[in-house]
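1. Okay, here's the prediction I keep looking at, along with the sequence it came from:
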Amino acid sequence: MIRDLNSKIFIAGRGGQVGSAIERRFRRSGFSNIVGLRSRELDMRSQKAVREYFEKERPEYVILAAAKVGGIQANIESPAEFLYDNLAIQNNIIEFSRQYEVKKLLFLASSCIYPRLAPQPMKEECLMSGKLEPTNEGYAIAKIAGLKMCEFYNKQYGTDFISVMPCNIYGYGDNFSPIRSHVVAALIRKVHEAKTAKSKTISVWGTGNARRELMFVDDLADACLYLFNSYTGNDFFNVGTGYDVSIRELVELIMDVVGYHAELKFDTTKPDGMPQKLMDVSKLSSAGWRATISLEEGLARTYRYFIDEVLNL
Ligand code: GFB
């Protein structure tokens, strides 16, 4: 539990979707001394830049939400960058957190660390029990290295570094690029553009049968604050809603939210990725935390955000 609301907290990735949600959540709880720079101001892949930043700021607590992220297509196109950038960022932040005696660090990994054909819902224990999903193997390997680094640093150096595994995240701050974005943002854009153009069809990648567990980013931020304040140890936690939808069901919900229905054309030249990605969240529920924002509510908020903040209508 962080008792002093003036404690200096460095949110690495403060300008990103997850980092900014975490900052809002911490500020709402009264934390006021939050630091962090945008990636164009601090290149966290650079050991020198990160060392200088720690020397100057000397944070007491660190949230490691900085990462190179993207949807299935971005992961397929840039596997080297997803591996290298993420390894470099997390190596630097974790190592300098140790050297500068940070009291606690929280590392955000991802549900893609689990094997492609892991039994569903996926329990924390299935880590490294099988082959990874090839479409995001680079990203997954970096995230596995990060969570192992936290575990090994605790064992060897006595640090208090914890890890969480979020499911697929969407919401405020999403990247709505048509090609490189995650599925929710991509489909919101596609359905909105179909409505504007009065198109009769909407193209959806894959078969529509892949299943995803989707969580609104503010729920993830709430879980991070909860675990940061309540958990110390070498276990890591799945953070999700505990239920999933097929991509077909998802696009139907998005059409309801946007208020426009068209015929769906499934483009099976595009990959499905992992057939199902649903986590077992019983460990987190037993620790006392549950998601509260329904998919319908989260999609409605995200669509409003897209209209107001992205399109500026
Ligand atoms: O969010 P997403 O891109 O990535 O979702 P993953 C991909 C799923 O949505 C696939 C389908 O089944 C796609 O076939 N889909 C349908 C679409 N239409 C679209 C579309 O227009 N755009 C996109 N992007 N998908 C991510 C990893 O995997 O999971 C990340 O790439 C991260 O690294 C994240 O780990 C949690 O869920 O497949």
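-> In hand now; what should we look at? Numbers count the residues shown, from 1 in each chain.

2. and residue 87, that's in a strand?
-> No: assignment of residue 87 by DSSP: H, G, I helix; E, B strand; the rest coil gives helix, placing it outside any strand.

3. can you pull the contacts of the residue in the stretch 1-150 of the chain that the ligand sits nearest to?
-> Proximity of the stretch 1-150 of the chain to the ligand (CB to the nearest ligand atom) peaks at residue 71, 2.9 Å away. Heads up, the C-betas are built off the backbone N, CA and C, glycines and all. Counting by CB atoms under 8 Å, 6 or more residues apart in numbering, residue 71 makes contact with 180-183, 185-186.

4. what's the most distant pair in those?
-> 180 and 183 (11.7 Å; CB to CB).

5. Could you check which of those two is surrounded by more residues?
-> Between residue 180 and residue 183, counted using other CB atoms under 10 Å, the more crowded position is residue 183 (22 against 17).

6. Could you check how far the more buried one is from residue 73?
-> 10 Å (CB to CB, to the nearest Å).

7. for residue 264, phi and psi?
-> phi -90, psi 130 (degrees, to the nearest 10).

8. give me every residue that touches it.
-> By CB under 8 Å, 6+ apart, the neighbours of residue 264 are 201-202, 204, 208, 248, 251.

9. at 7 Å instead, please
-> Taking CB atoms under 7 Å, 6 or more residues apart in numbering, we find residue 264 in contact with 202, 204, 251.

10. so what pLDDT did the residue of the stretch 201-313 of the chain found nearest the ligand get?
-> Nearest residue of the stretch 201-313 of the chain to the ligand: residue 206, at 2.7 Å (CB to the nearest ligand atom). Confidence at residue 206, expressed as pLDDT, is 98.

11. which parts of stretch 196-206 are buried?
-> 202, 204-206 (16 or more other CB atoms under 10 Å).

12. Can you give the contact residues for it?
-> Residues from elsewhere that reach stretch 196-206 (CB under 7 Å, 6+ apart): 190-191, 194, 247, 251, 262-268, 270-272.

13. do the same with stretch 48-58
-> For stretch 48-58, the external contacting residues (CB under 7 Å, 6+ apart) are 8, 10, 35, 42-44, 92-93, 96, 100.

14. mind redoing it with 6 Å?
-> Stretch 48-58 is contacted by residues 35, 42-44, 92, 96, 100 when judged by CB atoms under 6 Å, 6 or more residues apart in numbering.

15. Spatially, which two of those are the most separated?
-> The widest separation within the contacts of stretch 48-58 (CB to CB) is 18.4 Å, between 43 and 100.
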